[in-house]
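Q: The sequence and its predicted three-dimensional model are supplied below.
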Amino acid sequence: MENLVNIFVKSIFIDNMIFAYFLGMCSYLAVSKTVNTSTGLGIAVIFVLGFTVPVDFLLEKFILKAGALSWISPSLADLDLSFLSFIMFIAVIASMVQLVEMVIEKFAPSLYTSLGIFLPLIAVNCAILGGSLFMQEREYANIAEATVFGLGSGVGWFLAIVGIAAIREKIQYSNVPAPLRGLGITFIITGLMGIAFMSFMGIKL
């Protein structure tokens with residue numbers, strides 16, 4: 001249990017997808033103009049990461065890794081399908097994003113309209129694929145660890161986009177120099193937030 005908590009906390013604060021690896025920056029910058037749309041997209045990212053990472057873990061463990069198919073037949077023990085990892089991971093992500101898009105369109109049409117093209121673009125959000133690739137690289141021992149990592153990564157991305165959206169709403173009333181208005185000041189604030197999150201690296205887990 002302690003190990004799962006460590007993975008969860010670390011994926012939110014220390015290995016934050018935005019502030020540690022700068023993954024998913026396109027959606028982060030484009031959608032973070034209001035807190036409402038940022039919250040909706042952040043929740044969608046949590047849901048997609050929380051589902052796709054454990055599913056990709058199972059694909060990796062029981063189908064793609066060298067010798068993973070030995071549970072079907074001993075003759076397949078030498079088969080290595082790891083070269084299909086990218087395409088299989090992306091297929092799972094695209095399927096899940098399509099499901100999320102349909103649900104949001106059905107139950108929150110105003111949010112669906114606000115998110116526009118950036119909702120289906122979750123499928124090519126590098127933070128989503130990054131979650132699965134980090135899971136693969138770190139070789140988590142079981143599906144519980146993979147799921148906790150996926151959820152933690154999603155929560156970290158959610159905190160980042162909602163945080164920057166809240167700040168951007170406030171600075172609309174500030175006297176920002178003309179050359180820095182818009183993306184300029186957003187990049188500066190993102191850098192400062194990244195430095196602030198670096199303080200969590202001192203946590204011993």
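A: Happy to help now that I have it.
Q: For the helix or strand of the chain with the lowest mean pLDDT, buried residues please.
A: In the chain, no helix or strand scores lower on mean pLDDT, DSSP states H and E than helix 109-115, which sits at a mean of 81. Across helix 109-115, burial judged by 16 or more other Cβ atoms under 10 Å covers 111-112, 114-115. From N, CA and C alone the C-beta is placed, and that goes for glycine too.
Q: ok, so of these, who is nearest Q172?
A: S114 (17.2 Å; Cβ to Cβ).
Q: Quick check: that closest one vs T52, distance?
A: Using Cβ to Cβ, to the nearest Å, one obtains 24 Å as the distance from S114 to T52.
Q: residue ranges with poor pLDDT in this structure?
A: 205 (pLDDT under 70).
Q: same thing but 80
A: The chain contains residues with pLDDT under 80 at 1-2, 68, 77, 111, 114-121, 123-124, 202-205.
Q: Report the contact partners of N125.
A: By Cβ atoms under 8 Å, 6 or more residues apart in numbering, the residues touching N125 are 23-24, 26-27, 45.
Q: Can you point out the buried residues in the longest helix that the chain contains?
A: Identified as the longest helix of the chain according to DSSP state H is helix 143-171. Neighbour counts over helix 143-171 (16+ other Cβ under 10 Å) mark 145-165, 167-168 as buried.
Q: what do you get for stretch 187-203?
A: Applying 16+ other Cβ under 10 Å to stretch 187-203 flags 190, 193, 197, 200 as buried.
Q: nearest residue to the last one other than its sequence neighbours?
A: Read that as F200. In space, and not counting its chain neighbours, F200 is closest to F13: 3.9 Å by Cβ to Cβ, 6 or more residues apart in numbering.
Q: which residues sit in contact with that neighbour?
A: Neighbouring residues of F13 by Cβ under 8 Å, 6+ apart: 156, 197, 200, 203.
Q: how about the first one, what does it touch?
A: By Cβ under 8 Å, 6+ apart, the residues touching G156 are 11-13, 15-18.
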